[in-house]
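Student: Sequence and predicted structure, then a few things I'm wondering about:
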Amino acid sequence: MKYEDIKKNIKIEAGTIEIGNNVHLGKDISIAVKGTFSVGDHSHLGNDINIRGNNIRIGKHLFHSSGLRIGGGGRQHPDANFSIGDRCTIHNNFINVCEPVEIGNDVGLSPDTSFLTHGYWLSVLEGFPASFSGIKIGNGVIIGYRSLILMSVEIVANTVIGAQSVVTKSISRSGIYAGSPVKFIKEIIPLTYEQQKEKLNEIIKTYIPIANYHGITPNIKIEFPFVYMNNFKFNSLTFEYWGDEDVETDDLRDYVRKWGIRIYTERGFTSKFSF
């Protein structure tokens, strides 16, 4: 199958192409895979993308800024598969798929983060090393700026990898890690109920001047864990939402996402007040 947009310099070739509803494609996109290329609903793929491999599966509500390379050495192998779950954010990353790379839901890859699934050079018959193995990233993982994830690494859910880290071995205990190679820094300690209420109030308070800057005079009510604005309501702990959305509620929704309160609706992640 083939999809092409000459005006935007987009060319997608795959055995099967599956593009969901309300998917935005930027420009200068080159995708050629042997198996399936699929993108879930409400995903945003920015500019300057080059993807090669066997099967490439992208979930719903992906946000990609610009610059992405998936492929590299071994991309012609039958196991050259890549999958990423729902509600993820990626940037100008390099992801080698000599072996499979599996990324869960709600994962963030910071700019210049790289994944390598193979490493070799001189002959193994002379004693030199060679390694070929996939990578698995659990749900809710954030990988910091310019970090490197190496072959055979698995990272457990809800883990933070600090900037410029090198992950050489699997991480099975959730927490905050950093360094080269990474070391455990500290646990992630949940807030108490009262601390959660206080933090939510602080977040909404910091939003008010930003809303004013955007020309909004927000009428917001908090009944923890619920937040109300206009005819829209969301639960700040479970991320459920109800009611009618508009450009003003979009602005609040997109702001609280900055704090990890990730409300994904049928409306795309874009502020109508951008300049």
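Tutor: Now that the structure is in, tell me what you want to look at.

Student: Can you give me the neighbour number for the nearest residue to residue 179 once chain neighbours are set aside?
Tutor: Nearest non-adjacent residue to residue 179, counting by CB to CB, 6 or more residues apart in numbering: residue 165, 5.9 Å away. Using the backbone N, CA and C atoms, a C-beta is placed for each residue, glycine as well. Other residues near residue 165 come to 23 when the count uses other CB atoms under 10 Å.

Student: Wait, residue 165 touches residue 184, no?
Tutor: No: using CB atoms under 8 Å, residue 165 is not in contact with residue 184; the gap is 11.8 Å.

Student: secondary structure class for the closest residue to residue 232 other than its chain neighbours?
Tutor: Counting by CB to CB, 6+ apart, residue 249 is the residue found nearest to residue 232 once chain neighbours are left out, at 4.0 Å. Secondary structure, DSSP: H, G, I helix; E, B strand; the rest coil: residue 249 is helix.

Student: right, and residue 249 touches residue 233 too?
Tutor: No: Residue 249 is not in contact with residue 233 according to CB under 8 Å; the separation is 9.3 Å.

Student: higher neighbour count, these two?
Tutor: Neighbour totals were compared for residue 249 and residue 233, and residue 249 leads with 26 against 17 (other CB under 10 Å).

Student: longest helix in this structure, by residue count?
Tutor: Criterion DSSP state H: the longest helix present in the chain is helix 193-213.

Student: Remind me what that one packs against, helices and strands.
Tutor: Under the contact criterion of 3 or more CB pairs under 8 Å, 6 or more residues apart in numbering; DSSP states H and E, helix 193-213 touches strand 220-223, helix 247-256.

Student: among the ones you listed, which is nearest residue 122?
Tutor: Proximity to residue 122, assessed across the helices and strands packed on helix 193-213 by CB to CB, is greatest for helix 247-256 (50.4 Å).

Student: Stretch 29-42: which residues count as buried?
Tutor: Judged by neighbour count (16 or more other CB atoms under 10 Å), stretch 29-42 contains these buried residues: 29, 31-40, 42.

Student: tell me the mean pLDDT for it?
Tutor: The average of the pLDDT scores along stretch 29-42 is 98.

Student: repeat for stretch 124-141
Tutor: 97.

Student: ok, and for it, which residues are buried?
Tutor: Using 16+ other CB under 10 Å as the test for burial, stretch 124-141 gives 132, 134-135, 137-141.

Student: from these, which two are the most distant?
Tutor: Longest span within these, CB to CB: 132 and 140, 27.8 Å.

Student: ok so, going back, out of the helices and strands packed on helix 193-213, which one sits most buried?
Tutor: Mean neighbour count (mean count of other CB atoms under 10 Å) peaks for helix 247-256 among the helices and strands packed on helix 193-213, with a mean of 20.

Student: for the record, mean pLDDT for that one?
Tutor: The model assigns helix 247-256 a mean pLDDT of 95.

Student: if we can go back for a sec, how much space separates the residue nearest to residue 179 from residue 151?
Tutor: Using CB to CB, to the nearest Å, one obtains 16 Å as the distance from residue 165 to residue 151.

Student: Also residue 260?
Tutor: 30 Å.

Student: Counting neighbours, go ahead and name the busier of the two.
Tutor: Applying other CB under 10 Å to residue 260 and residue 151 shows that residue 151 carries more neighbours, namely 18 against 12.

Student: Now that one: phi and psi?
Tutor: phi -50, psi 140 (degrees, to the nearest 10).

Student: Identify the residues contacting the residue nearest to residue 232.
Tutor: 229-232 (CB atoms under 8 Å, 6 or more residues apart in numbering).

Student: same thing with residue 266?
Tutor: 22, 42.

Student: circling back: which residues are in contact with each of residue 165 and residue 184?
Tutor: Contacts common to residue 165 and residue 184, judged by CB under 8 Å, 6+ apart, are residue 177.

Student: returning to that earlier point: and the buried residues of stretch 29-42, which of them are in strands?
Tutor: 29, 31-33, 36-39 (DSSP state E).
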